[in-house]
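Chemist: 3D model of this:
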Amino acid sequence: MSEQIQTCPFCGLSHPAGALFCPITGQELIQPATLLSPDEVRACPSCGAVIAKSANFCPICNADVAVPLPGAPLPDNAGSSALPPAEIAADTRPTPLARRRRIPPILWIAVPLAILLCLGLVVAAVWVLRNGINLSRTPVLAWVATGTPAQTTPPLPGTTLPPPPTGMPTLTATASGTSAASPDQPQGRIIYICQIFTDNTRDQICIINADGSGQKRISPDDHADYLYVVLAPDGQKVLYAKRTGPVYQIFEMNLDGSGEKQLTDNTYGSYDADVSADNSSIVYVKNMSASENSNAIWIMDRDGSHQHQVFGPPDGIGWDPSWSPDGQQILFMRDITTSYQLFVMDKDGANLQQITNLPLLRGRSDWSPDGNSIVTYAGATWQHEIYLMDRSGANVRQVTQGGNSQGPGFSPDGNWIVFTAYFDKMNDANGCEIYIMQLQTQKVTRLTNNDYCDWQPRWGP
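Modeler: Numbers count the residues shown, from 1 in each chain. This next block holds a predicted model:
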């Protein structure tokens, strides 16, 4: 007697009726198989394979097939199967396994690849959102100094940066609204640029009390782009650069964002203003042409009148100016043959003197209120550190270690400095926060903690 066979519902081929698994797909076969008579089979209308009349789909081509009405004739192509109907066996019980469709092998490859592609797109989108900020405007800072005049002496030739101090400064994080623990409570307010929209074409102006409380935004225009913000010596006005078309111009406004007034209007832009201690004059940077090497140092009266150049092309370029405490001299960065160094000149441009000869000096320096010290920063990208020196440029010492610390400025009492750093979010483009350091103890306190960049702080009254 010949061995009974059955048609596999998964691969469509014939297997012995006693087989427990399909040797082609590995699927478990339902036992025992029931042999079908010719009256119990029909042809698939899609591929022509012989299938049970009660089947809802073709196990060969996966096509849906309608169950025929009782007594319906068998289609003409029913005999196209390789096996005669009498030899076809199938389990006609309506179980989930018998009704299961065969998954085409290509899907086992295509589906995982599609999932991996989607995950890759999500990761790429997250990276762009977090790192897509243009870092060409690396956070750099300054502050308005008040006090006694500075006296300069010739720079020390070949000065090099000293080794870093032993051990990290004590680091304390303070939440907004709480006071930073320190020997003396810091006084005054710190104004800075905040990228609350995580869009460096719409930087805003924020302010915070020096103890970490009262953090708020004061710029009135969501769509404007602000930079180089500073508090006037009386603490009532804010000066800043605001984009007007393709360039920046210098403006001022009240602390509540009202009363905006434009102070400059030149073709190639003006920015980086600093107000003298007597609130009578403003020193700033003016671009003389569309070239990147056209920065000049200019002075104007407090109301924007009597604008005139005190240093610039063809004698060199200068930027990041800061008034001396007595308002008689200007500290600024200028280019020399192979590097950038700090210079001091009288407010009329006379008596130009170089006071530093340091590697990788970055600018945005500040005078202490008593005029005896200068704070600046230097170092390679993501390795910036803050340095103090005497007013002559001598006795250089590093006061930070790590954190990519940059753009420092003195507090009005001279006991603290404010700066931008990445201590808690190193190598994160949006990780810059505002920190303060008590100079006597070198204790560092974080004032801001946001998911966007806070930078360019100025300490005012």
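Chemist: drop to CA atoms for contacts and neighbour counts, all remaining ones
Modeler: Will do.
Chemist: can you classify I115 by secondary structure?
Modeler: helix (DSSP: H, G, I helix; E, B strand; the rest coil).
Chemist: okay, domains of the protein per the record?
Modeler: Per automatic domain parsing, the structural domains of the chain span 1-101, 133-460.
Chemist: lowest average confidence across those, which one?
Modeler: For these, mean pLDDT drops lowest on domain 1-101, to a mean of 54.
Chemist: show me where the stretch 351-461 of the chain has strands.
Modeler: Per DSSP state E, counting those that start in this stretch, the stretch 351-461 of the chain carries strands over the ranges 353-354, 361-367, 373-378, 385-390, 397-398, 406-410, 416-421, 433-438, 443-446, 454-460.
Chemist: let's have the ones you listed in CSV, adding distance to E260 and mean neighbour count.
Modeler: Listed next are those as CSV, based on distance: least, C-alpha to C-alpha, whole Å; neighbours: other C-alpha atoms under 10 Å:
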stretch, distance to E260, mean neighbour count
strand 353-354, 37, 20
strand 361-367, 26, 27
strand 373-378, 31, 24
strand 385-390, 34, 22
strand 397-398, 40, 18
strand 406-410, 26, 31
strand 416-421, 27, 27
strand 433-438, 26, 26
strand 443-446, 31, 23
strand 454-460, 19, 28
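Chemist: could I get these as TSV with distance to V122?
Modeler: Shown next, in TSV, are the strands of the stretch 351-461 of the chain (distance: least, C-alpha to C-alpha, whole Å):
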stretch	distance to V122
strand 353-354	52
strand 361-367	37
strand 373-378	37
strand 385-390	35
strand 397-398	42
strand 406-410	33
strand 416-421	29
strand 433-438	27
strand 443-446	32
strand 454-460	27
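Chemist: figure out which of these is closest to I205.
Modeler: Comparing these against I205 with C-alpha to C-alpha, the closest turns out to be strand 454-460 (9.6 Å).
Chemist: neighbouring strands for the closest one, and are they parallel or not?
Modeler: strand 189-194 (antiparallel) (DSSP bridges).
Chemist: quick one, helices of the stretch 151-300 of the chain?
Modeler: Read by DSSP state H, counting those that start in this stretch, the stretch 151-300 of the chain holds no helices at all.
Chemist: where exactly do the strands run in it?
Modeler: Going by DSSP E, counting those that start in this stretch, the stretch 151-300 of the chain shows strands at 171-173, 189-194, 204-209, 216-217, 226-231, 237-244, 247-254, 261-262, 270-275, 281-287, 295-301.
Chemist: quick one, which of those strands gets closest to Q329.
Modeler: With C-alpha to C-alpha as the criterion, Q329 lies closest to strand 281-287 of the strands of the stretch 151-300 of the chain, at 10.5 Å.
Chemist: what's that closest one in contact with?
Modeler: 268-276, 294-302, 318-323 (C-alpha atoms under 8 Å, 6 or more residues apart in numbering).
Chemist: now do 6 Å
Modeler: Identification of contacts with strand 281-287 by C-alpha atoms under 6 Å, 6 or more residues apart in numbering yields 268-275, 294-302, 319.
Chemist: strand partners of it, parallel vs antiparallel please.
Modeler: Note on strand 281-287: by DSSP bridges, its sheet partners are strand 270-275 (antiparallel), strand 295-301 (antiparallel).
Chemist: send the alpha carbons of the shortest one over as PDB?
Modeler: Taking Å, rounded to 0.1, in the frame of the first residue of the first chain, the C-alpha atoms of strand 270-275 are listed here in PDB:
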ATOM      1  CA  SER A 270      28.800  98.100  15.400                       C
ATOM      2  CA  TYR A 271      28.800  96.000  18.600                       C
ATOM      3  CA  ASP A 272      30.600  95.200  21.800                       C
ATOM      4  CA  ALA A 273      29.800  98.400  23.700                       C
ATOM      5  CA  ASP A 274      31.200  99.300  27.200                       C
ATOM      6  CA  VAL A 275      30.200 102.300  29.200                       C
END
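Chemist: what angle separates that strand from strand 226-231?
Modeler: 10 degrees (axes from the mean of the first three to the mean of the last three C-alpha atoms, to 10 degrees).
Chemist: can you name the residues in contact with strand 270-275?
Modeler: With contact meaning C-alpha under 6 Å, 6+ apart, strand 270-275 is reached by Y228, A241, Y248, Q249, I250, S281, I282, V283, Y284, V285, K286.
Chemist: before we move on, what about the longest one?
Modeler: Residues from elsewhere that reach strand 295-301 (C-alpha under 6 Å, 6+ apart): 281-287, 306-312, 317-318.
Chemist: at 8 Å instead, please
Modeler: Under the criterion C-alpha under 8 Å, 6+ apart, residues 280-288, 306-313, 317-319, 321 lie in contact with strand 295-301.
Chemist: following that strand, which helix or strand comes up?
Modeler: Per DSSP states H and E, strand 295-301 leads on to strand 308-311 as the next helix or strand towards the C-terminus.
Chemist: list the contacts of V230.
Modeler: Going by C-alpha under 8 Å, 6+ apart, V230 touches 143-144, 191-192, 238-240, 273-274, 457-460.
Chemist: rewinding a little: any idea which of the contacts of strand 270-275 is closest to T198?
Modeler: Distances from T198 to those, taken by C-alpha to C-alpha, are shortest for Y228, at 17.6 Å.
Chemist: wait, the closest one sits on G407?
Modeler: No. With contact defined as C-alpha atoms under 8 Å, Y228 does not count as touching G407 (11.5 Å).
Chemist: assign A124 to helix, strand or coil.
Modeler: A124 ends up helix, using three-state DSSP.
Chemist: export the contacts of V230 to TSV and tack on distance to F419?
Modeler: Listed next are the contacts of V230 as TSV, based on distance: C-alpha to C-alpha, whole Å:
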residue	distance to F419
W143	10
V144	14
I191	11
Y192	10
V238	19
L239	19
Y240	18
A273	18
D274	17
P457	7
R458	9
W459	10
G460	13
